[in-house]
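In: sequence and computational prediction follow.
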Amino acid sequence: IIAELEHDSETYSGDISWFDDFSDDPRVLPGGEHAWDLQSEANQILTTGLYLFTVKDLTTGKIEKGKLTIIK
């Protein structure tokens, strides 16, 4: 597991501390998005590549699978 993120669109107000610290542009993330710094659970930066992911809806139990490409 590279990273496990808990996300509740009803209560999530956005994890945009980078913009708060380094930008004059006020940003707000929509409820369906979650900011991530591309670090693994072991604090390692991810490299360029194709990654597989799963998303589980904790209410319905439905699981979606997909692919994520990181290009640096």
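Out: That came through, no problem. Numbers count the residues shown, from 1 in each chain.
In: how about the helices in the protein?
Out: Using DSSP state H, the helices of the chain run over 17-22.
In: listing request: residues of it with sub-threshold pLDDT.
Out: Residues of the chain meeting the criterion pLDDT under 70: 1, 7-35.
In: now the strands for it?
Out: 49-56, 63-70 (DSSP state E).
In: angle of the first one against strand 63-70?
Out: Translated: strand 49-56. 160 degrees (axes from the mean of the first three to the mean of the last three CA atoms, to 10 degrees).
In: for strand 49-56, which strands pair with it and how are they oriented?
Out: Using DSSP bridges, strand 49-56 pairs in its sheet with strand 63-70 (antiparallel).
In: including mean neighbour count and distance to residue 5, could the strands of the chain go into TSV?
Out: Just so you know, the C-beta spots here come from the backbone N, C-alpha and C atoms, and that holds for glycine as well. As requested, the strands of the chain are exported to TSV (neighbours: other CB atoms under 10 Å; distance: least, CB to CB, whole Å):
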stretch	mean neighbour count	distance to residue 5
strand 49-56	10	9
strand 63-70	9	13
